[in-house]
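Novice: using only what follows, build the 3D model:
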Amino acid sequence: MSQTLAPAEEAEPAGDAAHPADGGHARGRLRPALLLGALGVVYGDIGTSPLYAYKEAVRAASDGAHQAAPIAVMGSVSLIFWALILIVSLKYAILILRADNRGEGGIVAMLALLGARHARPRTWQGLLLVVGLVGAALLYGDGAITPAISVLSAIEGLKVDAPALGAYVVPITIVILVGLFAVQSKGVAAIGRVFGPVMLVWFMVLALLGIGGIVHHPEILQALNPLRAVDFLLHAGWHVSFMMLGAAFLAVTGGEAMYADLGHFGAKPIRVAWFVLVLPALVINYFGQGALLLAEPDAIENPFYRLAPDWAHYPLIGLATMATIIASQAIISGVYSLTQQAIQLGFLPTMRIVQTASDERGQIYVPAVNWLLAIATLSAVLIFGSSDALAGAYGIAVSMLMAITTLLAALIALRWGYSPIAVFAVNGFFLAIDLVFLGANSVKIIEGGWFPLVLAGFVAMMMLTWQKGNQLVEEARIGLRLPEDAFLAGLQHRALIRLPGTAAFLSSAEHGIPLHLSRFVERSHALHQRVLIITALYEETPTVPRSQRAHVTLLAPDFYRVTLRYGFMEDASILEGLACAAESRHLPAHLVDDMTVFVGHETVIPKSDDRGMAVWRESLFAFLQRNAERTGAFFGVPTRQVIEVGTEIEI
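Specialist: You can find the predicted model right below:
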């Protein structure tokens with residue numbers, strides 16, 4: 001069995017009955033630990049945006065001038081403020097957080113909720129799957145850019161007091177990022193305990209810096225009027241307006257983490273942390289930077305660090321570096337989590353996933369993804385060399401992801417029975433805003449926006465190839481797989497050697513005899529005294545209760561079919577599933593004693609015809625399949641108990 005993640009029967013989403021995100025969600029209770037955790041994990045990315053977002057926005061509004069004009073200062077602050085209100089506060093905090101899949105969020109959870117997993121090509125569900133997988137792939141592009149621009153922007157503070165240190169910014173950034181990726185295999189549980197407190201201090205410092213600027217120049221508060229932004233955009237010329245919109249969007253990048261991390265903290269702590277601390281701190285700091293530029297227009301090169309008194313520059317650089325490392329760690333962990341979900345829903349090949357904390361399910365490490373992400377991030381630092389240059393690459397992937405999220409949220413709301421008029425009015429309004437920012441960011445493609453799009457395109461192509469290839473392999477299996485009745489009847493006419501113990505054959509389907517079982521009997525003329533056919537399915541829900549884990553069917557004396565069901569946020573374990581079956585008395589406990597697990601090892605042979613994919617995609621699928629994690633290891637079966645049986649399949 002090479003397709004270790006067999007497709008599940010379509011599960012009815014629980015959202016029909018319990019779609020409000022807060023409904024009884026245990027993680028949604030307001031506990032200080034959850035609030036602190038949300039500060040470190042959810043808001044690390046958006047919380048470090050003041051390091052570069054306002055600087056880029058006001059420079060774009062000033063059309064590259066070395067001094068900021070008052071109208072550009074006001075327009076930039078106003079635009080950022082209302083972007084935070086409309087996109088993050090209203091859309092994400094109030095609207096999108098409701099689109100949960102039994103408490104879990106993110107693009108993959110949305111796809112599962114919409115049942116797009118088994119969509120066929122050339123249907124609207126198939127198009128929905130493509131759009132959703134592109135959205136998931138965009139997170140990988142974001143994951144490569146965020147650590148690079150965050151750490152670079154923090155270290156660039158050295159140039160404020162010592163311009164000669166500018167040559168050391170990139171090397172220092174490289175060292176920090178290499179160290180960050182190198183320690184991932186050790187786990188981040190211990191470091192994670194300080195994430196929240198450090199970010200709490202960070203947001204308090206943001207507010208204090210901003211208050212100092214506002215007190216000296218309170219006229220910046222006029223930017224609370226949205227007409228300041230509208231007036232500037234209408235009169236600045238389309239080129240400057242588009243550049244300013246694209247730069248101002250950097251202030252809301254990271255807002256998508258609210259939804260992606262919904263399952264870790266619950267909606268209520270995420271909302272409270274945002275409205276009580278994060279949003280006020282960000283707004284005050286942006287207004288403070290604007291106030292500084294009203295008084296010192298030449299501070300446009302780095303208004304964030306110029307807000308601080310001279311004696312505080314180096315401590316602030318140290319704190320900013322810690323905050324950006326936390327933001328980078330949060331996005332890296334998010335990419336691990338997304339990869340795990342994509343694997344379990346059949347969108348990516350199986351990879352080695354290491355649990356780095358025995359008491360925390362979410363603490364995982366994916367070696368292959370870690371080092372590929374490290375290469376992409378370090379390449380971004382070396383290619384672009386500064387946060388100013390990286391700003392051109394940053395934003396387009398997130399703006400596209402936000403538009404896709406709004407679209408999928410609208411479809412979920414319609415599925416849950418909300419009024420189509422209300423859905424089209426509300427989601428249409430937010431989608432229009434998303435498309436405006438996407439259009440503004442599209443002008444960055446030549447400046448560097450191509451970088452995350454290339455990464456996302458590669459990942460999306462790999463996801464679609466893997467998903468389609470598994471469909472073709474399963475279709476080939478169906479043509480070769482014997483029905484249970486025919487196989488069992490054939491056993492009556494064979495002189496088989498009965499081997500002692502139990503044989504467990506892993507299967508990708510709930511019906512029929514797995515190919516490696518029929519091949520084993522055909523070639524060895526032997527069969528164990530007790531036989532289990534085991535299928536592990538990942539459902540389109542985050543978790544499956546332990547009481548519903550195993551379903552056992554007796555096909556013949558001492559011949560059982562066992563179906564194990566897991567949620568896409570769970571780790572499947574064959575031994576744990578059989579233990580559940582034994583606890584429920586559906587399976588005799590002694591069957592798992594002295595058990596040998598047989599796994600089908602299928603060699604995929606690309607075939608040039610019109611039935612499948614292009615030959616190059618079939619070859620890519622075959623390569624991915626050959627290098628995927630071993631089935632037995634993925635399902636937690638000890639190596640000494642596993643025997644592989646080979647089969648060739650043409651697709």
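Novice: strands of this structure, start to end?
Specialist: 354-355, 364-365, 497-507, 526-538, 550-556, 559-566, 595-605, 642-650 (DSSP state E).
Novice: dump the ones you listed into CSV; add mean pLDDT as well.
Specialist: Listed next are these as CSV, based on pLDDT from 0 to 100:
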stretch, mean pLDDT
strand 354-355, 82
strand 364-365, 84
strand 497-507, 93
strand 526-538, 94
strand 550-556, 93
strand 559-566, 94
strand 595-605, 88
strand 642-650, 85
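Novice: can you convert these into TSV and add a column each for distance to residue 59 and mean neighbour count?
Specialist: Placement of C-beta: from N, CA and C, glycine included. Below are the strands of the chain laid out as TSV (distance: least, Cβ to Cβ, whole Å; neighbours: other Cβ atoms under 10 Å):
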stretch	distance to residue 59	mean neighbour count
strand 354-355	43	14
strand 364-365	39	20
strand 497-507	58	18
strand 526-538	47	21
strand 550-556	60	15
strand 559-566	50	22
strand 595-605	52	20
strand 642-650	57	16
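Novice: wait, which of those is closest to residue 195?
Specialist: Checking the strands of the chain against residue 195 by Cβ to Cβ gives strand 364-365 as the closest, at 16.5 Å.
Novice: other SSEs contacting that closest one?
Specialist: helix 313-344, strand 354-355 (3 or more Cβ pairs under 8 Å, 6 or more residues apart in numbering; DSSP states H and E).
Novice: lowest average confidence across the ones you listed, which one?
Specialist: Sorting the helices and strands packed on strand 364-365 by mean pLDDT places strand 354-355 lowest, at a mean of 82.
Novice: sheet-wise, list the partners of it with their directions.
Specialist: Paired strands of strand 354-355, with direction, are strand 364-365 (antiparallel) (DSSP bridges).
Novice: which stretches of the stretch 301-450 of the chain have low pLDDT?
Specialist: 357-362 (pLDDT under 70).
Novice: what about residue 486, neighbour count?
Specialist: 11 (other Cβ atoms under 10 Å).
Novice: any idea how far it is from residue 512?
Specialist: Counting by Cβ to Cβ, to the nearest Å, the gap from residue 486 to residue 512 is 10 Å.
Novice: end-to-end on stretch 295-304?
Specialist: Separation of the first and last residues of stretch 295-304 by Cα to Cα, to the nearest Å is 14 Å.
Novice: ok, for residue 46, nearest residue in space, not its chain neighbours?
Specialist: Excluding the flanking residues, the one nearest residue 46 by Cβ to Cβ, 6 or more residues apart in numbering is residue 254, at 3.1 Å.
Novice: please report phi then psi for that neighbour.
Specialist: phi 110, psi -20 (degrees, to the nearest 10).
Novice: list the residues that contact it.
Specialist: Taking Cβ atoms under 8 Å, 6 or more residues apart in numbering, we find residue 254 in contact with 43, 44, 45, 46, 47, 48, 49, 146, 327.
Novice: compute the mean per-residue pLDDT across stretch 93-111, please.
Specialist: Stretch 93-111 comes out at a mean pLDDT of 86.
Novice: what of stretch 157-168?
Specialist: On average, stretch 157-168 scores 87.
Novice: before we move on, the earlier item: and the strands of the chain as TSV, adding distance to residue 243?
Specialist: Formatted as TSV, these follow (distance: least, Cβ to Cβ, whole Å):
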stretch	distance to residue 243
strand 354-355	43
strand 364-365	39
strand 497-507	55
strand 526-538	44
strand 550-556	58
strand 559-566	48
strand 595-605	48
strand 642-650	53
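Novice: for the ones you listed, which one sits closest to residue 302?
Specialist: Here strand 364-365 is closest among the strands of the chain (Cβ to Cβ), at 35.4 Å.
Novice: pretty sure residue 403 sits against residue 432.
Specialist: No. Counting by Cβ atoms under 8 Å, residue 432 is not a contact partner of residue 403; they are 9.8 Å apart.
Novice: these two: which is more packed in?
Specialist: The neighbour comparison of residue 403 against residue 432 (other Cβ under 10 Å) goes to residue 403, with 21 against 11.
Novice: any idea how far residue 592 is from residue 504?
Specialist: 8 Å.
Novice: list the residues that contact the residue lying closest to residue 149 once chain neighbours are set aside.
Specialist: Counting by Cβ to Cβ, 6+ apart, the nearest residue to residue 149 once its immediate chain neighbours are dropped is residue 390, at 4.3 Å. Residues near residue 390 by Cβ under 8 Å, 6+ apart: 145, 148, 149, 152, 380, 384, 448.
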